[in-house]
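# Here is a sequence with its predicted model. Questions after.
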Amino acid sequence: MKFSIIKIAVGILSVIIVLQLGATTLFTTATNASTYSIAYGDYGTPIPFHHHRGPSYVLTSFIWDTLVWKDHDGYVPLLAESWRVEDGGLKWIFKLREGVKWHDGHPFTADDVSFTFEYLKNYPYPWGSDEIIEYVDRVEVVDNYTVAVYLKKPYADFLDHLIVQLEIIPRHIWENVTDPLKYTEPGAFVGTGPFKFKEYEKGAYYILEANDEYFLGKPIVDELVLKCVSNPAIALQTGDVDASSFYGKEVDVVRELINTTGLEVVEGPSYWVLKLIFNTRRYPLSDKNVRRALACAVNREEIVENVLHGGGIPASLGIIHPDSKWYNPNLPVLSYNVSEAESILDSLGFIDRDSDGVREAPNGTKLSFELLCVERYEREAELVEAQLSEIGVDLSVKVVDWKVADSLLDQGEFDIAISGHGGILRPWTPVDWPAHTYVNEQLDNLLESFYSTLNESERLQYVYEFQQIIAEDLPILTLYHPKTYVVYSSQKPVEWFWTWNGIGGGVPMWWNKLALIEVAETTPTTPATTTPTTPTTPVAEATSPTSPTTPAAGGYAAPTMMYVGIAIIAIVVVAAGALLIYLRSRGKI
């Protein structure tokens, strides 16, 4: 009988061990051998030289790295493990991380950093070339893992706007490429990032595969798929995608998803603006009084209420978001006022001479314009069309896709357009981007002073005046700042977060690559607040032992596995005890 009991006990222990090992294997597989899908759009070939909008930049940030990155709290070291500032902000020294490899196995060195700066001077790149050309004098390779960047003049946002978004490219691949926009050979996709480019199907999906040798650690998913889906909400509910963005008018969808089991909903910062853009090169929109009349006739509150349903707020007339430290709270108020709009147009001689309901200019030209927009903002366009018709201004809405809209705006081939963008925590030009028809030398001078001055109180004066000019001159009419959300599956081992001051130079998106890397917890590097006063005094120096800070994200940690194991053991022990009692009661043992 004792022998039988021993055999049963040994059998139970064997079962426990097998189940524990099985659970460990199961959870490890779920964590590291998986596919994660994100609802996305089609932004063309995923190469840095093809950037035009924030989502395309965020995608390439998974393939290429910058010297410095950001998490939810501040700056974190990436390709550079530390940095310091000398000579009153004119010299930046970056100590690079050793042992980093490009996806093709070549070692990453200081030569790649120096090359990137020089290459982008000759072949402009949408995210960084302007700053390099204007501010960077030269880059010196001190040794294989140290570079010194010398500036022509102080640049207050050198770290926050250029370094954190400048993706470093490999010299051994790009040095012989003379037309980067047409270069799409396999080498064009080689970076140092946590994921490697695998496949792109136009209008359908992007597939990235994990870089198992990533210097911060192996990604917690094996494959990242970005899918073009027509209905992200349904895709989330059916499991076709694991995460998606929602903003503005989509707040109604978010309210429904909040109560869906297995989904997490997180609201983020609204560093985004929708604008009514006037082509200031075309008469009569070249007259700021005409622009003011049109602006007075647009009821922004009605648009926010009827289109967003509480998913946003009327935008600041100076573009910069109210949550930014650079926001001017004393801007003039522009209220919806049809009488004032009509009075301005009457005084300028724009009257309805033939009683057809549309005003004519003094030269007889109809006050009629084409309003360009993408499908997403067609409802806003219809409201603006109806509102301006009340003052005798005729609009015809033209709906095109994003790429066509951006191209027409860039070429100046439009009258009025509705478009938007992020990155509104700081001032930048052109203020009518993605168009650039508005030219104001005073605005340019203020921007130059803002970025070349290190004294914060002086910078506030410049940026306040910058916003004042925009609010008075009205080259654009800001419509609203939408609320933004991320909805993601709680069943997958990924916890997304909103990046401090936006990804890169300010993209207000949630899918920061650090959320997919399981790295050791360290103390984050916060922005420097001191001003360089002596040539040898460091302003900001960030260091990390072997890896930078990770946000509250990553795979299942060791404690989680321990709790799972304990739970399984407890269940088996209880079951085994019940079996022994049953067998004893039957006289079997």
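Nice, thanks for sending it over.
# what's the least confident helix or strand in the protein, going by average pLDDT?
Between all helices and strands in the chain, the lowest mean by mean pLDDT, DSSP states H and E belongs to helix 2-32, at a mean of 42.
# Can you name the element that comes right after it?
On the C-terminal side of helix 2-32, the closest following helix or strand by DSSP states H and E is strand 35-40.
# in that following strand, what counts as buried?
Within strand 35-40, the residues that count as buried by 16 or more other CB atoms under 10 Å are 36-40. C-betas here are computed from N, CA, C, even on glycine.
# Tabulate the residues you listed in a markdown table, adding columns for distance to residue 284 and pLDDT.
Below are the buried residues of strand 35-40 laid out as a markdown table (distance: CB to CB, whole Å; pLDDT from 0 to 100):
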| residue | distance to residue 284 | pLDDT |
| --- | --- | --- |
| 36 | 52 | 97 |
| 37 | 49 | 97 |
| 38 | 45 | 97 |
| 39 | 42 | 96 |
| 40 | 41 | 93 |
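# Looking at those residues, which is nearest residue 210?
residue 36 (10.1 Å; CB to CB).
# Tell me where the stretch 101-250 of the chain has helices.
With DSSP state H, counting those that start in this stretch as the criterion, the stretch 101-250 of the chain has helices at 110-122, 129-135, 171-174, 232-238.
# packing partners for the first one?
In this case it means helix 110-122. If contacts are counted by 3 or more CB pairs under 8 Å, 6 or more residues apart in numbering; DSSP states H and E, helix 110-122 sits against strand 91-96, helix 129-135, strand 136-143, strand 146-151, helix 171-174.
# Now do the residue lying closest to residue 162 once chain neighbours are set aside against residue 428, distance only.
Spatial nearest neighbour of residue 162, excluding adjacent residues (CB to CB, 6 or more residues apart in numbering): residue 131 at 4.6 Å. Using CB to CB, to the nearest Å, we find residue 131 at a distance of 10 Å from residue 428.
# Confirm residue 295 sits in a helix?
Yes: counting by DSSP: H, G, I helix; E, B strand; the rest coil, residue 295 is part of a helix.
# residues near it, how many?
The burial count assigned to residue 295 is 22, neighbours taken as other CB atoms under 10 Å.
# show me the contacts for it.
With contacts defined as CB atoms under 8 Å, 6 or more residues apart in numbering, the neighbours of residue 295 are 276, 334, 474, 477.
# So residue 495: helix, strand or coil?
With three-state DSSP as the basis, the three-state label of residue 495 is coil.
# need the contact list for the residue nearest to residue 162.
Residues near residue 131 by CB under 8 Å, 6+ apart: 155, 158, 161-162.
# Model confidence for it, exactly?
We note a pLDDT of 87 for residue 131 in this prediction.
# now do residue 48
According to the per-residue confidence, residue 48 scores 88 in pLDDT.
# shaky segments in this protein?
1-33, 51-52, 126-128, 519-589 (pLDDT under 70).
# Please name the residues that touch the most centrally placed residue in it.
Centroid-nearest residue in the chain: residue 507, 2.9 Å away (criterion: CA atoms, centre = their mean). By CB under 8 Å, 6+ apart, the contact list for residue 507 reads 54-55, 57-58, 422-423.
# Show me the strands in the stretch 301-450 of the chain, by range?
312-314, 368-374, 394-400, 416-422 (DSSP state E, counting those that start in this stretch).
# The ones you listed: which one's closest to residue 122?
In terms of CB to CB, the element of the strands of the stretch 301-450 of the chain nearest to residue 122 is strand 416-422, at 26.8 Å.
# Give the other helices and strands that that closest one contacts.
strand 272-278, strand 368-374, helix 378-389, helix 402-411.
# got CSV for these, with mean neighbour count and distance to residue 515 too?
Putting the helices and strands packed on strand 416-422 into CSV (neighbours: other CB atoms under 10 Å; distance: least, CB to CB, whole Å) gives the following:
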stretch, mean neighbour count, distance to residue 515
strand 272-278, 25, 20
strand 368-374, 20, 29
helix 378-389, 18, 32
helix 402-411, 16, 26
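# picking that back up, can you tell me which of the contacts of residue 507 comes closest to residue 325?
Distances from the contacts of residue 507 to residue 325 were compared by CB to CB; the smallest belongs to residue 423, at 14.9 Å.
# Confirm for me that that closest one is in contact with residue 319.
No: applying CB atoms under 8 Å, one finds residue 423 not in contact with residue 319, separated by 9.8 Å.
# what's the spacing between stretch 227-237 and its chain's center?
On the basis of CA atoms, centre = their mean, to the nearest Å, stretch 227-237 is displaced by 20 Å from the centre of the chain it belongs to.
# what residues does that stretch touch?
Surrounding stretch 227-237, the residues in contact under the criterion CB under 8 Å, 6+ apart are 37-42, 203-205, 240-246, 253, 256-257, 260, 263, 487, 489.
# now with 10 Å?
Applying CB atoms under 10 Å, 6 or more residues apart in numbering, the contact partners of stretch 227-237 are 37-42, 201-207, 238, 240-246, 250, 252-254, 256-257, 260, 262-263, 487-489.
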